[in-house]
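Novice: Structure of the sequence below:
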Amino acid sequence: MLTVTAQTLKRVVLPIAALLLFMIGLGILLTRAAAHLWPLTIEDSVNREFAGDRTETLDDISHLVSGVADTPRIIGVTAAAALVLWLVLRRWREPAFLCLAVTAQALVFYFTTKAIDRPRPAVQRLDESPPTSSFPSGHTSAAVALYLGLAVLLAGLARHTWLKALCWALILVPLGVAMARMYRGMHHPSDVVAAFINGTTCVIVMSRAFLDRHVRAWRLQIPGPRRPAPVPVARPAG
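Specialist: From the prediction side, this is the model:
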């Protein structure tokens, strides 16, 4: 039986709950109190600049890059990577870290969009608007959690410096997704910044909970066969 230790509550549940409250508070600040302050006042011009520089070639490239972080692809790559990690390492820590980092960012993203109703940028959008709010960017957040998480794992396993640097190049994927989402008119710059905060924080939280070998976030109890109670043997008198 898999039971949760007190360290799980301390290192996972409470930080993720605090992150959710922070994201909601940040969304309220951006859409209300600070909406008329710099640099938020130049966000519309940034979106218009992206829209004005569109070309057919860039449209196609941005479509491909943005599609990397579509929900089915994120789920598929996460599941495949977790399976490969388990088959190669024969450990559950690394697959659990990656899956829970992606899951945590999705939960924070979902509940934040339910609390913050921010409209999409006032430019022509190249994708259909999903029912969720513009704040934060779900594509960017998912890409950060997945590819930053993979970079952390692979760089930790690599032995050569050049190979470690190559692993860290995976962070270029969420950067490209963020640019593509703004180019396609789907998000404000602050939306993707908030998404980086969400995804990065989830990776940090889960790495502290699962990759630190000194932490026992879970306790595995395997019930064994019950031994029959000993039968009392009567001794002869005297």
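Novice: Quickly find the element holding the nearest residue to Val144 once chain neighbours are set aside.
Specialist: Among residues not flanking Val144 along the chain, Gly199 sits closest, at 2.7 Å (Cβ to Cβ, 6 or more residues apart in numbering). C-beta here means a position set from N, CA and C on the backbone, and glycine is covered the same way. Of the helices and strands defined by DSSP states H and E, Gly199 is found in helix 189-206.
Novice: residues near Ala106, how many?
Specialist: Look at Ala106: counted by other Cβ atoms under 10 Å, it has 20 neighbours.
Novice: Got phi/psi on it?
Specialist: Backbone torsions of Ala106, given as degrees, to the nearest 10, read phi -70, psi -40.
Novice: where does the chain dip in pLDDT?
Specialist: Counting by pLDDT under 70, the low-confidence segments of the chain come to 1-8, 213-238.
Novice: wait, what's in contact with Leu153?
Specialist: When contacts are counted by Cβ atoms under 8 Å, 6 or more residues apart in numbering, Leu153 touches 85, 94, 97-98.
Novice: helix, strand or coil for it?
Specialist: The three-state assignment at Leu153 reads helix, by DSSP: H, G, I helix; E, B strand; the rest coil.
Novice: Please identify the helix or strand for the spatially closest residue to Ala115 that is not a sequence neighbour.
Specialist: Taking Cβ to Cβ, 6+ apart as the measure, Ala115 lies nearest to Ile24, with 4.7 Å between them; neighbours along the chain are not counted. If you go by DSSP H and E, Ile24 is part of helix 14-28.
Novice: Pro131 now?
Specialist: With DSSP H and E as criterion, Pro131 is part of no helix or strand.
Novice: Burial check on it, number of neighbours?
Specialist: Applying other Cβ under 10 Å, I find that Pro131 has 5 neighbouring residues.
Novice: circling back: relative to helix 14-28, how tilted is the helix holding Gly199?
Specialist: For helix 189-206 against helix 14-28, the angle between stretch directions is 170 degrees (axes from the mean of the first three to the mean of the last three Cα atoms, to 10 degrees).
Novice: The chain should start at 226 in everything you say after this.
Specialist: Okay, residue one is now 226; in that scheme the one you just asked about reads as helix 414-431.
Novice: pull the CA atoms of helix 414-431 into CSV?
Specialist: What follows is the C-alpha trace of helix 414-431 in CSV, where atoms were taken according to Å, rounded to 0.1, in the frame of the first residue of the first chain:
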residue,chain,number,x,y,z
PRO,A,414,3.4,38.9,-22.8
SER,A,415,2.5,38.8,-19.2
ASP,A,416,0.5,35.6,-19.8
VAL,A,417,3.6,33.8,-20.9
VAL,A,418,5.7,35.3,-18.1
ALA,A,419,3.2,34.0,-15.6
ALA,A,420,3.3,30.6,-17.4
PHE,A,421,7.1,30.4,-16.9
ILE,A,422,6.6,31.1,-13.2
ASN,A,423,4.0,28.4,-13.0
GLY,A,424,5.9,25.7,-14.9
THR,A,425,9.3,26.5,-13.3
THR,A,426,7.9,26.5,-9.8
CYS,A,427,6.3,23.1,-10.3
VAL,A,428,9.5,21.7,-11.5
ILE,A,429,11.4,23.0,-8.5
VAL,A,430,8.8,21.7,-6.1
MET,A,431,8.7,18.3,-7.5
